[in-house]
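Novice: Prediction below, plus the sequence it came from.
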Amino acid sequence: AESPSESCVPYGVETMQRLLKFLVKLMDQTRSSSTTETLELGCRLVRTAFETAGSRVGKYPELVQVIQDEVCKRVLQNSQTKNLQILSLTLRIVFDLFNAVKQHLKVQLEVFFTSIHMRIGESEASSYEEKELVLESLVEFCNDSSLIVGLYRNYDCEVSSTNLFEDLCKFLAS
């Protein structure tokens, strides 16, 4: 007879990959069956997945690929919403991605800061509440002391990258 621990075999990376792809589909606003409730559920479940897996998710190239392609695409898509709950969850996912797999998302994180945070924060079309969410998100990022040094070193000091640290400082000072 098998012991309970012997019959409990982990599902593996392929299953994790399929699960992550399914969760990301729930975040897809372009699907005909998409509702605010489904988007919110998808965002919450993706957040839970990243919070639970943490940096371990970065050890598997198959999962990193899904994150770089599909998760990041949906995050950018959902950042265009006027629904404050979805926007708030989207900003949290960006933070979770930063914490979990920042070493794999240099270009994507640059795009997130410029195309989400700074776009919303600098746009006159953005509501006060949207700008407040963005500022709260940036404050959360700044609580990580290595972020500021990392932004300067990994973006401003790179010829091929934008001066992200400088741009964020100018944005926050305005």
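Specialist: Thanks, I have the structure now.
Novice: residue nearest the centroid of the chain?
Specialist: V94 (2.4 Å; Cα atoms, centre = their mean).
Novice: quick one: contacts for that one?
Specialist: V94 makes contact with V75, L109, F112, I116, S137, according to Cβ atoms under 8 Å, 6 or more residues apart in numbering. Heads up, the C-betas are built off the backbone N, CA and C, glycines and all.
Novice: got it, and G150?
Specialist: Applying Cβ under 8 Å, 6+ apart, we find G150 in contact with K102.
Novice: and stretch 43-54, which residues are buried?
Specialist: Burial within stretch 43-54, assessed by neighbour count using 16 or more other Cβ atoms under 10 Å, is assigned to C43, R44, L45, V46, R47, A49, F50, A53.
Novice: Tell me the one of these nearest P61?
Specialist: Relative to P61, the closest of those is A53; by Cβ to Cβ it sits at 14.5 Å.
Novice: Okay, the closest one and E130: tell me how far apart.
Specialist: 29 Å (Cβ to Cβ, to the nearest Å).
Novice: Could you do V71 as well?
Specialist: With Cβ to Cβ as the criterion, V71 and E130 are 22 Å apart.
Novice: cool, and I120?
Specialist: On the measure of Cβ to Cβ, I120 and E130 end up 5 Å apart.
Novice: joint contacts of those two?
Specialist: Common neighbours of I120 and E130 (Cβ under 8 Å, 6+ apart) are L87.
Novice: quick one: the helices in this protein?
Specialist: Secondary structure of the chain (DSSP state H): helices located at 4-7, 13-26, 36-53, 61-66, 72-78, 84-101, 106-112, 119-122, 128-142, 145-151, 164-173.
Novice: Please name every helix or strand in contact with the fifth one.
Specialist: So the one you mean is helix 72-78. Helices and strands touching helix 72-78, by 3 or more Cβ pairs under 8 Å, 6 or more residues apart in numbering; DSSP states H and E, are helix 36-53, helix 84-101, helix 106-112.
Novice: Pull the shortest one out as CSV, backbone CA atoms only.
Specialist: In other words, helix 106-112. Output of helix 106-112 as CSV, limited to C-alpha atoms (Å, rounded to 0.1, in the frame of the first residue of the first chain):
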residue,chain,number,x,y,z
LYS,A,106,13.8,44.5,-17.7
VAL,A,107,12.1,45.7,-20.9
GLN,A,108,8.6,45.0,-19.6
LEU,A,109,9.1,46.8,-16.3
GLU,A,110,10.4,49.8,-18.2
VAL,A,111,7.3,49.7,-20.3
PHE,A,112,5.1,49.4,-17.2
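Novice: What is it packed up against?
Specialist: Helix 106-112 packs on helix 72-78, helix 84-101, going by 3+ Cβ pairs under 8 Å, 6+ apart.
Novice: out of the ones you listed, which comes closest to T30?
Specialist: helix 72-78 (7.6 Å).
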